[in-house]
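Q: when you get a sec, could you give me coordinates for this:
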Amino acid sequence: MSQTQPNLDQFQQIHELNRLFLAYLHTRARTDRECLGLPERARELLGAASAESLAWVAEFPRALFDIELDESAPKQLVDPLRSRQDGMHHALVLTILLCAWTVSRQSAYQARLLLGLELRAIQRLRSMQLSELQALAHSPQLLRCAFAGRDWLWGELLTETRPEGRRYLALVALQPGVGRDWPARRASHRVT
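A: Numbering: from 1, shown residues only. So this is what the prediction gives:
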């Protein structure tokens, strides 16, 4: 497994995936639809966010989404036009899966750092054939918000504009195990 450091292209790819993900969530938040586990307060902030603000949030150095791979994922191809899933969701999931599949094959380190994937998920993606991704994209719970239980983190991601505050959030989010080890609540203080 390669341990190469991410380069600018990998970060740009994550930023673009974050842009797509946030655009999808923004549309859903504005129409009061389910937002893949996004905390309620963050839904309100996201729904009111400007395009400029969303572009700023998308520049985050880690994926703002999580990929939940489970063994019960569909094994057969499904015609997206005949499925109950909306086309925008399917296209988003398939795009993210293709990126995760590629990054996992290139570097387990980068897949963990940039996408927040666990080793088991990386191994599963590495063992899959490209043709299996389309069927996997129909798994109903595959795509979720990252840091879903961390209301404070999403709140600050959507409101913090100071460069030092943004750097602090990036350092927090890039910590291994942030989703399970960091507290769900944080003391209410601002970084100065």
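Q: give the contact list for the residue nearest to the spatial centre of the chain.
A: Centroid-nearest residue in the chain: Phe65, 1.5 Å away (criterion: Cα atoms, centre = their mean). When contacts are counted by Cβ atoms under 8 Å, 6 or more residues apart in numbering, Phe65 touches 17-18, 21, 36, 96, 143-146. Where you see a C-beta, it was placed from the backbone N, CA and C, and this is true even at glycine.
Q: what about the nearest residue to it once chain neighbours are set aside, which SS state?
A: For Phe65, ignoring the flanking residues on the chain, the nearest one in space by Cβ to Cβ, 6 or more residues apart in numbering is Phe21 at 5.0 Å. Using DSSP: H, G, I helix; E, B strand; the rest coil, the structure places Phe21 in helix.
Q: how much space separates Phe21 from Leu158?
A: According to Cβ to Cβ, to the nearest Å, Phe21 and Leu158 sit 14 Å apart.
Q: next, count neighbours for Glu16.
A: By other Cβ atoms under 10 Å, the residues close to Glu16 number 13.
Q: tell me where the protein has strands.
A: In the chain, the segments counted as strands under DSSP state E are 65-67, 143-145.
Q: quick one: mean pLDDT for the first one?
A: Strand 65-67 shows a mean pLDDT of 95 in the predicted model.
Q: could you list the low-confidence segments of the chain?
A: In the predicted model of the chain, residues 1-6, 71-85, 176-192 satisfy pLDDT under 70.
Q: mind listing the helices for it?
A: For the chain, helices defined by DSSP state H occupy the ranges 8-30, 40-48, 51-58, 87-106, 108-115, 119-127, 133-136, 151-159, 163-173, 178-181.
Q: in stretch 102-122, which residues are buried?
A: Buried positions in stretch 102-122, judged by neighbour count with 16 or more other Cβ atoms under 10 Å: 103-104, 107-118, 121-122.
Q: so Glu59 makes contact with Leu17?
A: No - judged on Cβ atoms under 8 Å, Glu59 makes no contact with Leu17 at a distance of 11.9 Å.
Q: run through the residues that contact the residue nearest to Thr159 when sequence neighbours are not counted.
A: Of all residues not flanking Thr159 in the chain, Leu45 sits nearest, at 6.6 Å (Cβ to Cβ, 6+ apart). By Cβ under 8 Å, 6+ apart, the contact list for Leu45 reads 154-155, 158-159.
Q: so who does Ala23 touch?
A: Counting by Cβ under 8 Å, 6+ apart, Ala23 touches Leu54.
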